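>>> give me the fold of what follows.
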Amino acid sequence: MTPSGNPPTGRPHARAVRLVLILLFANLALSIVFAGLTLLFRHGILDYQLARHPGPDPAKTRDKLALTLWTRPIPILLVAVVYLWVGRRLRQGVRAAYLRVRVVSLVGLVAVAYLILTGAYPPWLRVIQGAQLLLLVALVVAVNRRRMRTGFPRGPKRPRPRGARRAAFTLVLIAPVAAELTLGTVKVKMLWLVLLYLPIYGAGVLLIRELVRRTGGGRGSILLMGLVYGLIEEGLALQSLTSHHLYGAAGWAPRLLGINTAYTELNLPYHVVFSVLIPIALVELVFPSIGSAPYLRRGGLVITGIVAVLGVALLRVSVPPSEDPGYVLPGAALIVIVVLVVVLSVVALRVLPRRAARVRAAVAVPRPAVAGVVSAVAALGFIGLLYPFAGARHPAFTHGAWVLVPMLAAAALAVGAGLALWRWTAAVDWTGRHRLAAISGALIAHTVFGVVANTHTAPDTAGLTVIGVVMIGLLGLLGRRLGGVPPAEPVRTRAARS
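Down below sits the predicted model:
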């Protein structure tokens, strides 16, 4: 809403909003027509595109071009849903909706102009693109008119908690360190590769934390967004969930519906815990005074989102072309992953935050040391059961159908430990020391596994051992600073169910 909390009034402003909505939905209508025509006349369009860019292997080039044609309706449908929501919010006078329209109109104008200039489609389709370009020019002008701007005035700046900027930078640094460096996947002699992971890990996890905290989400929302992160990195950026060759993952266990089953079972939960959950929880322990307050203002959030998207693109163009050349994610897999990302994001950021604030339960909580041991055993057992190491080509040195045994055991271990930790973290007596102990147990266990499985030379072993010792030292220093720091989520006390 506007600062007064009511939609802006006045006939001139209402006419200006109506014009913007007409242009917005006219552009959407043309986009739907364009997408329908590309599917209806896809063979002729593919012939046109292939004649312009045959490539070294025309068959593979045609498959890649066909994939772009088939996937075009998906973002169109998603944009249609967003347009309906933004249009309603715009009529209500919500400034955020107005800002989104300004961004969408400018991005759309640049994108359509690019498609026209590159001649990616036949001339008869460029006529529609030309009409769309004119609509977008009109939309950019209409949405930036003074009458529109004054109707959506800038509200007061959100106060930034003290130390929020340092917390944000700390999270950006900790995320790739926790997920990659302390596991030994980045060798000591190639530490510069951490820079490659900073945009997707650092900005990506910071973006998740900001979105969850701004929408009032809690631990459930963070877990689901961690799954979203794993699907984006592994499924879209690396294409490793379906690739036949990358990391040899297809040979770990029998594939199901084109999915590398054991690799997927290992890496999606791994990203939930080590890429997202642990870095966020750790930084919130380091900066307890900030609690669950956002670290960034709106501008910082936008920049973080842009950097995260660029990080996904950077990983996509740097790893698969060199490690898995020629592989393109199948269209069906792309659709499934995108749909899962959208659905999980909506549940995490829109559905779960609307539920009542989590209630603290009066259940028995073990000592911090016990929580740490449980976390360590679960992490070490889960990774060790699924990740082939010491020359093994399959999980837990199995062969054939026997590979299902460690896969089921890992799933059972993860579910059991997860339920125990979920129950404990909801308890009245769960403190910051308990949280730190659980985090420390998981980090130490996965670094121990990294020393055993991911180091093959003396320098690598020594380097990861030093990293582990430094990590333990820093966790110990944090432990000395902590008292009984409670979770950052809003809670209420109730009696536990019998």
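
>>> for residue 243, the count of nearby residues, please.
Counted with other Cβ atoms under 10 Å, the neighbours of residue 243 add up to 22. No exception for glycine: its C-beta is placed from N, CA and C like everyone else's.

>>> make 16 the first number, not 1, from now on.
Noted, 16 is the first residue going forward, which turns the last one into residue 258.

>>> so it: helix, strand or coil?
In three-state terms, and counting by DSSP: H, G, I helix; E, B strand; the rest coil, residue 258 is coil.

>>> longest helix in the protein, by number of residues?
Longest helix in the chain, counting residues (DSSP state H): helix 26-55.

>>> low-scoring stretches of the stretch 216-365 of the chain, by residue?
For the stretch 216-365 of the chain, no stretch is flagged by pLDDT under 70.

>>> mind listing the helices for it?
In the stretch 216-365 of the chain, the helices defined using DSSP state H, counting those that start in this stretch lie at 219-229, 234-245, 276-285, 293-301, 313-333, 335-338, 346-361.

>>> pull the CA atoms of the second one into CSV?
Extracted C-alpha coordinates of helix 234-245, given in CSV (Å, rounded to 0.1, in the frame of the first residue of the first chain):
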residue,chain,number,x,y,z
ARG,A,234,12.6,-23.6,9.5
GLY,A,235,10.1,-25.4,7.2
SER,A,236,10.4,-22.6,4.6
ILE,A,237,14.2,-22.7,4.8
LEU,A,238,14.2,-26.5,4.2
LEU,A,239,12.0,-26.2,1.2
MET,A,240,14.0,-23.3,-0.3
GLY,A,241,17.2,-25.4,0.3
LEU,A,242,15.5,-28.0,-1.9
VAL,A,243,14.8,-25.4,-4.5
TYR,A,244,18.4,-24.3,-4.4
GLY,A,245,19.6,-27.9,-5.0
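
>>> counting by contacts, list what that helix packs against.
Judged by 3 or more Cβ pairs under 8 Å, 6 or more residues apart in numbering; DSSP states H and E, the packing partners of helix 234-245 are helix 219-229, helix 276-285, helix 346-361.

>>> show me which residues of the second one are buried.
Using 16 or more other Cβ atoms under 10 Å as the test for burial, helix 276-285 gives 276-285.

>>> quick one: which of the residues you listed is nearest residue 242?
Ranked by distance to residue 242 (Cβ to Cβ), those are led by residue 283 at 6.1 Å.

>>> count the neighbours of the closest residue to that closest one other than its chain neighbours for me.
Excluding its sequence neighbours, the residue lying closest to residue 283 (Cβ to Cβ, 6 or more residues apart in numbering) is residue 245, at 4.3 Å. By other Cβ under 10 Å, the residues close to residue 245 number 20.

>>> ok, back up a step: other SSEs contacting the longest helix of the chain?
helix 73-86, helix 88-106, helix 110-133, helix 138-158, helix 161-166.

>>> re earlier: of the helices of the stretch 216-365 of the chain, which is nearest residue 61?
helix 346-361 (13.7 Å).

>>> return the distance of that closest one from the chain's centre.
Relative to its parent chain, helix 346-361 has a centroid offset of 12 Å by Cα atoms, centre = their mean, to the nearest Å.

>>> who are the packing partners of that helix?
helix 73-86, helix 88-106, helix 234-245.

>>> quick revisit: okay if I get the helices and strands packed on helix 26-55 as JSON lines plus mean pLDDT and distance to residue 29?
JSON lines is the format used below for those (pLDDT from 0 to 100; distance: least, Cβ to Cβ, whole Å):
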{"stretch": "helix 73-86", "mean pLDDT": "63", "distance to residue 29": "38"}
{"stretch": "helix 88-106", "mean pLDDT": "68", "distance to residue 29": "9"}
{"stretch": "helix 110-133", "mean pLDDT": "80", "distance to residue 29": "14"}
{"stretch": "helix 138-158", "mean pLDDT": "87", "distance to residue 29": "14"}
{"stretch": "helix 161-166", "mean pLDDT": "81", "distance to residue 29": "9"}
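
>>> redo these as TSV? Include distance to residue 475 and mean neighbour count.
Formatted as TSV, the helices and strands packed on helix 26-55 follow (distance: least, Cβ to Cβ, whole Å; neighbours: other Cβ atoms under 10 Å):
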stretch	distance to residue 475	mean neighbour count
helix 73-86	37	15
helix 88-106	43	15
helix 110-133	44	16
helix 138-158	53	17
helix 161-166	57	15
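
>>> so which of those comes closest to residue 204?
helix 73-86 (35.2 Å).
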